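> Structure for this input, please:
(chains A and B)
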Amino acid sequence: MSVDVPRRNDGFVWAVRDTLAMIGRNLTVIRRVPQLLVFSFVQPLIFVFMFRYVFGGAIKVPGGSYVDYLMPGVFVQTVAFGAINTAIGLAEDKNKGLLERLQSLPMSRSAVLAGRVLADTIRNVLIVSLMLVVGTMVGFHTHTNALKVAAGVALMVLFGLALCWLFALIGLAVPNGEAAQAAAFPLFAPLVFASSAFVDPRTMPGWLRWWAERQPVSIAAKGVRALMLGGPQFPMDYVWASIAWSLGISAVLAPLAVRKFRRT
Amino acid sequence: MTATGAAIVADNLRKTFGEVVAVDHISLEVPRGSVLGMLGVNGAGKTTMVRMLATVLKPDSGRAMVHGFDVVEHPQAVRRSIGLAGQSAAVDENLTGRENLVLVGRLTHLSKSTARQRADALLDQFGLADAGNRPVRTYSGGMRRRLDLGAALVAHPPVLFLDEPTTGLDPASRLDLWGVIETLVADGTTVLLTTQYLEEADRLADNIVVVDKGLIAAEGSAKQLKDRLGDTVIEFEFATSSVASSAAVALGSSVAAATIVRVVMSNGSVTLRDALNLLAAAEIVPSHVALREPTLDDVFLTLTHSSPIGGAAGATA
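Just a heads-up that it's a prediction; the model follows:
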């Protein structure tokens, strides 16, 4: 019953292995309860049909067709909604006592959060890929090359990753999954809807337009449009701006989430 | 407070959450291979104490050593030496029983094959072999607790923290789990067990600390604690309350409840025969006589400032 004295030199290797183990655990849920993935896919699907077919006819956007404008917005909305999963997952693990068990194990401290955020990012890639197929089916056409389209996916997934840190912070602060979901919604109204994701902000009142043109969801949507549609409407500047936003959000919120985790 | 021979040593641990003092100051020592029962009501500070010792929470002040390692200075070394189970630890509902155990094994840094072997061995040991490939959400409460305990044992920890391991279990599952814990202790594991059930502490623990409002209200073996209340109580019941009050006068006691009079047999000065003789002399016939040995419940209720002896029904002899 002797116990080894801790070895520090292989800390990084263990951090990676522990993170992989946690990613595997978090993704198992998708296999066990596939309904969860279906539901997170249904929501953006409804948005596509609503905006493409119900409101679409009445919405004017500058330049090309509305469906081409819409889909990048839906993609960004999808990764943003996907990030709620981070909050729900962590809040439920805390509620069920699982975080406590993990905290009593000699595992890497960072692997719990990293495993959660990365699993949700992989999940986002999966859902966004499906949404690309859906987009094609409803008439979405990319106007650039495959490389740029892939870069567009990477751009929105990077943005989703940044939001995962925000939702990790929320998930650790609330008592359970329902509270996490409830806390998430008020954030989405100003972020996802008051944005250029679905409509051109130039139709909004001045004060709202000011916000809708500058906030990170709009920038991400414009960055994705720049990569998938191109054209003078959507210069590459938005891509760099969106990367800056995503890295900035992660740089500020990831350490805060880690700190919160250590104190939970 | 000496550390030699003790698997767990806590020295003036304290933890507050804002205004709430969860653990005021608690010191304790658990010798290697023994079981300490920590007894207290909800909110007494038991779980906070376990969380600090299991390195989940950092104490505000005080020190603690587990298996020779300081919980604040060397938390990872402590984590390598402990298992934590009970109300505050858990398993993943969406994973199978086997996957849960393998995951804990992997996160404890066992090799893949060792983790698998341990998982299979534990599933066998806890009677879960048949359910091992089913998601935990299909398990009964008793099965979950057994799996949870199994998860705490993956790395053969020499020190085990069990936080209310049987709360919410039916009597059969509880007996079952007690058997498992007794086997572990027989194999030399040191256990710190929190419970609200005096019976559980009485059966499993070598030593008991009664925790109340973040402080230790009493400590000792079950026998020592019972001895503090000491004495056997004779309980007479009478047909009417007026008979009871005359009986109380005759016995030099007072009416405990409506028709009940209790006499404490202290140091053999009052024996059952004496009491019956006194009643016979007063020509009073009791309708019912019972002898009550003090139970840990009595100790517990007295120490935690709830109603003393009496109130709820006790054992009758």
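
> how about the residue in chain A that chain B sits nearest to, phi and psi?
Closest contact between chain A and chain B, by C-beta to the nearest C-beta, is at residue A:97 (3.6 Å). All C-beta spots, glycine's among them, are computed from the backbone N, C-alpha and C. As for residue A:97, its main-chain torsions (degrees, to the nearest 10) stand at phi 90, psi 0.

> That one: neighbour count?
Counted with other C-beta atoms under 10 Å in any protein chain shown, residues neighbouring residue A:97 total 18.

> That one contacts residue B:92, doesn't it?
No: Residue A:97 lies out of contact with residue B:92 (C-beta atoms under 8 Å); the separation is 10.6 Å.

> Which residue comes closest to the residue of the stretch 201-317 of chain B found nearest chain A once chain neighbours are left out?
Using C-beta to the nearest C-beta, the single residue of the stretch 201-317 of chain B nearest to chain A is residue B:206, 18.5 Å away. Closest residue to residue B:206 apart from its sequence neighbours, by C-beta to C-beta, 6 or more residues apart in numbering or on different chains: residue B:34 at 4.4 Å.

> what's near enough to touch the one you found?
By C-beta atoms under 8 Å, 6 or more residues apart in numbering or on different chains, the contact set of residue B:34 is B:7, B:185, B:190, B:191, B:206, B:207.

> Ok, residue A:80 next?
Taking C-beta under 8 Å, 6+ apart as the test, what residue A:80 contacts is A:159, A:160, A:163, A:188, A:191, A:192, A:217.

> Tell me the pLDDT of it.
For residue A:80, the model assigns a pLDDT of 93.

> could you point out which element follows the helix or strand containing it?
For residue A:80, the host element (DSSP states H and E) is helix A:66-82. The helix or strand immediately downstream of helix A:66-82 is helix A:84-96, counting by DSSP H and E.

> Which helix or strand lies directly C-terminal to that following helix?
Using DSSP H and E, the first helix or strand after helix A:84-96 is helix A:98-103.

> number of nearby residues for residue B:112?
So residue B:112, with other C-beta under 10 Å, has 10 neighbours.

> And residue B:178, by the same measure?
16.

> That one reaches residue B:201, doesn't it?
No: using C-beta under 8 Å, residue B:178 is not in contact with residue B:201; the gap is 11.2 Å.

> Can you name the residues that contact the residue in chain B positioned nearest to chain A?
Here chain B gets closest to chain A at one residue, residue B:90, 3.6 Å apart by C-beta to the nearest C-beta. Each residue near residue B:90 by C-beta under 8 Å, 6+ apart is listed here: A:96, A:97, A:98, A:100, A:101, B:148.

> And these, which is closest to residue B:216?
Nearest to residue B:216, judged by C-beta to C-beta, of those is residue A:100 at 23.7 Å.

> and the gap between that closest one and residue B:79?
Separation of residue A:100 from residue B:79 (C-beta to C-beta, to the nearest Å): 12 Å.

> Repeat that for residue A:189.
Applying C-beta to C-beta to residue A:189 and residue B:79 gives a distance of 42 Å.

> neighbour-wise, which of those two wins?
Applying other C-beta under 10 Å to residue A:189 and residue B:79 shows that residue B:79 carries more neighbours, namely 26 against 9.

> so what's the more buried one closest to, chain neighbours aside?
Using C-beta to C-beta, 6+ apart, the closest residue to residue B:79 is residue A:106 (4.0 Å).

> Just say helix, strand or coil for residue B:162.
When classified by DSSP: H, G, I helix; E, B strand; the rest coil, residue B:162 comes out as strand.

> Which of the contacts of residue A:80 scores worst on pLDDT?
The pLDDT minimum for these sits at residue A:188, where the score is 82.

> Measure how buried that one is and give me the count.
Neighbours of residue A:188 using other C-beta under 10 Å come to 16.

> I figured it was touching residue A:83, is that so?
No: contact between residue A:188 and residue A:83 fails when scored by C-beta under 8 Å: they sit 10.1 Å apart.

> Pull up the overlap in contacts between those two.
Joint contacts of residue A:188 and residue A:83 (C-beta under 8 Å, 6+ apart) do not exist.

> so residue B:139 touches residue B:147, yeah?
Yes: in terms of C-beta under 8 Å, residue B:139 counts as a neighbour of residue B:147; the distance is 6.8 Å.

> Tell me the residues that contact both of the two, please.
By C-beta under 8 Å, 6+ apart, the residues touching both residue B:139 and residue B:147 are residue B:97.

> Can you pick out the residue with more neighbours from these two?
residue B:147 (26 against 19).

> which residues touch the spatially most central residue of chain B?
The residue lying closest to the centre of chain B (C-alpha atoms, centre = their mean) is residue B:195, at 3.2 Å. Residue B:195 is in contact with B:37, B:38, B:39, B:164, B:165, B:166, B:167, B:201, counting by C-beta under 8 Å, 6+ apart.

> Which one among the residues you listed sits at the bottom for pLDDT?
In terms of pLDDT, the lowest of those is residue B:167, showing 83.

> Skip the chain neighbours and tell me the closest residue to that one.
Residue B:167's closest residue in space is residue B:87 (C-beta to C-beta, 6+ apart), at 5.6 Å.

> Around chain A, which positions in chain B sit nearby?
B:51, B:54-56, B:67, B:69, B:74, B:76-77, B:79-84, B:87-95, B:99, B:103-104, B:106-109, B:135, B:151, B:156, B:158, B:161, B:188 (C-beta under 8 Å from any C-beta of the partner chain).

> What degree of burial does the residue lying closest to residue A:83 once chain neighbours are set aside show, as a neighbour count?
Counting by C-beta to C-beta, 6+ apart, the nearest residue to residue A:83 once its immediate chain neighbours are dropped is residue A:163, at 3.8 Å. Other residues within reach of residue A:163, judged by other C-beta under 10 Å, total 31.

> I'd guessed residue A:163 sits against residue A:79; true?
Yes: using C-beta under 8 Å, residue A:163 is in contact with residue A:79, at 7.2 Å.

> List the contacts of residue A:118.
Neighbours of residue A:118 in contact, by C-beta under 8 Å, 6+ apart: A:19, A:23.

> how close does it sit to residue A:259?
Residue A:118 sits at a distance of 19 Å from residue A:259 (criterion: C-beta to C-beta).

> now do residue A:10
In terms of C-beta to C-beta, residue A:10 sits 25 Å off from residue A:259.

> If any of the contacts of residue B:34 are buried, put those into a ChimeraX selection.
Selection command for ChimeraX covering only the buried members of the contacts of residue B:34, criterion 16 or more other C-beta atoms under 10 Å in any protein chain shown:
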select /B:7,185,190,191,207
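
> which among the contacts of residue B:34 gets closest to residue A:211?
Distances from residue A:211 to these, taken by C-beta to C-beta, are shortest for residue B:191, at 58.6 Å.

> Remind me which helix or strand the closest one belongs to.
Here residue B:191 sits within strand B:190-195, counting by DSSP H and E.

> Residues in contact with the very next helix or strand once past that strand: which ones?
Next in sequence after strand B:190-195, counting helices and strands by DSSP H and E, comes helix B:198-204. Helix B:198-204 is contacted from outside by B:35, B:37, B:39, B:166, B:174, B:178, B:181-182, B:185, B:191, B:193, B:195, B:208, B:222, B:295-297, B:299-300, using C-beta under 8 Å, 6+ apart.

> if you set the cut-off to 6 Å instead, what comes out?
Identification of contacts with helix B:198-204 by C-beta atoms under 6 Å, 6 or more residues apart in numbering or on different chains yields B:35, B:37, B:39, B:181, B:195, B:208, B:222, B:296, B:297, B:300.

> Just give me the neighbour total for residue A:72.
Residues near residue A:72, counting by other C-beta under 10 Å, number 28.

> which residues does the residue nearest to it when sequence neighbours are not counted contact?
Leaving aside its chain neighbours, residue A:72 sits nearest to residue A:224 (3.9 Å; criterion: C-beta to C-beta, 6+ apart). Applying C-beta under 6 Å, 6+ apart to residue A:224 gives the contacts A:72, A:75, A:152, A:155, A:156.
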